[in-house]
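> kindly generate the corresponding structure for this input.
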Amino acid sequence: MISKEQFQKEIELIVANAIREDVGDGDHSSLACIPEQATGKAKLLVKDNGIIAGLEFAKTVFQHIDKDLKMDILIEDGSKVAYGDIVFYVEGASQSILKAERLVLNAMQRMSAIATKTKQFVDLLEGTGTKILDTRKTTPGIRALEKWAVKIGGGENHRFALYDMIMLKDNHIDFAGGITKAINKTKAYLKNTNRDLKIIVEARNLEEIQEILQNKGVYRILIDNFNYEDTKKAVALIGDTCLTESSGGINEKTIRKYAECGVDYISSGALTHSVYNMDLSLKAV
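Residues are numbered from 1 along each chain as shown. As a prediction, the model looks like this:
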């Protein structure tokens, strides 16, 4: 994963771009009818059940818009919430609260949905030793928020993007002329460019796993679209040589069985691409 400094830069870019997109040259609805010096207070009201996420991001947004806005947080990120709960109060200039409202709600609704789904998967894996990973199947422009939400829900982050890990998938292997050629070319590239990146290699069958194991320097093998029996065989073949990861359409009904095959990780794009936003509302008090 990327460094904390890089991650913080991503968050700052998201905030700046979202405000540019939403506010433009001014929130004219508020400017038209609310005096500049008017102050007010609002509460974040939960109208759903699940895991709340995005409090720290909301704080960043409020501070970016108006450093004098004050938040009183009642429920922390990662906590269970139910219909009717009040997560926080925000107080200060009314115009500033309204300017931040939609960005805070959009982000927290999305992040809470992802955290909730991730927690469901984490609970299903309890006791197995297998960890749930996200993927790059994220909403363009807000990947940092969605991966942050996965962490809040108890999951783990896969690579952040194309630049922080090597992942040799089926197309890379086919274009490179095979598994061994792809791995050797990758190791040469990393040496020539003085990069220290972990290498994951995807396997489509047990024969490919055997070939991957003949090559040193692989951090994790992606056991992609295998059935349960072949996954068990793959895990036995790999042993302690490197880490293992299952992927490919794994859902709530099948995740436990794949974990029981002994894999270290299960990756799921559904954590970020198949969620329904949590219903949240910011109400004046």
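
> how about stretch 49-56: buried residues?
50-55 (16 or more other Cβ atoms under 10 Å). C-beta coordinates here come from the backbone N, C-alpha and C atoms, glycine included.

> oh, that last question was meant for stretch 34-44, not what I typed.
34, 40, 42-44.

> also stretch 213-221?
Neighbour-count burial for stretch 213-221 [16+ other Cβ under 10 Å]: 213, 215, 218, 220-221.

> with stretch 177-196 instead?
Neighbour-count burial for stretch 177-196, counted by 16+ other Cβ under 10 Å, picks out 179, 182-183, 186-187, 190.

> hmm, back to that, of the buried residues of stretch 213-221, which belong to helices?
When the buried residues of stretch 213-221 are checked against helices (DSSP state H), the matches are residue 213.

> out of the buried residues of stretch 213-221, who's nearest residue 203?
Ranked by distance to residue 203 (Cβ to Cβ), the buried residues of stretch 213-221 are led by residue 221 at 5.7 Å.

> for the closest one, what are its contacts?
Listed by Cβ atoms under 8 Å, 6 or more residues apart in numbering, the contact partners of residue 221 are 200-203, 209, 212, 234, 238, 242-245.

> how near is it to residue 115?
The gap separating residue 221 from residue 115 is 29 Å, by Cβ to Cβ, to the nearest Å.

> surely residue 122 is in contact with residue 155?
Yes - contact criterion Cβ atoms under 8 Å: residue 122 and residue 155 qualify, at 6.2 Å.

> so for these two, which sits in the more crowded spot?
Taking neighbours as other Cβ atoms under 10 Å, residue 122 and residue 155 compare with residue 155 leading, 26 against 16.

> on that earlier part again, could I get the buried residues of stretch 177-196 in TSV, plus columns for secondary structure?
Putting the buried residues of stretch 177-196 into TSV (DSSP: H, G, I helix; E, B strand; the rest coil) gives the following:
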residue	secondary structure
179	helix
182	helix
183	helix
186	helix
187	helix
190	helix
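
> between the residues you listed, which sits nearest residue 88?
residue 190 (45.3 Å).

> gap between that closest one and residue 198?
If you go by Cβ to Cβ, the gap between residue 190 and residue 198 works out to 10 Å.

> please enumerate the shared neighbours of the two.
In contact with both residue 190 and residue 198: residue 166, using Cβ under 8 Å, 6+ apart.

> what's the overlap in contacts for residue 122 and residue 155?
By Cβ under 8 Å, 6+ apart, residue 122 and residue 155 have these common neighbours: residue 132.

> would you map the strands across the stretch 1-150 of the chain?
For the stretch 1-150 of the chain, the strands defined by DSSP state E, counting those that start in this stretch occupy 39-46, 50-51, 70-73, 80-81, 86-93, 131-133.

> tally of neighbours for the residue nearest to residue 88 when sequence neighbours are not counted?
Leaving aside its chain neighbours, residue 88 sits nearest to residue 73 (4.6 Å; criterion: Cβ to Cβ, 6 or more residues apart in numbering). A count of nearby residues for residue 73, using other Cβ under 10 Å, gives 15.

> likewise for residue 158?
The burial count for residue 158: 22, using other Cβ under 10 Å.

> endpoints of stretch 26-36, how far apart?
One end of stretch 26-36 sits 13 Å from the other (Cα to Cα, to the nearest Å).
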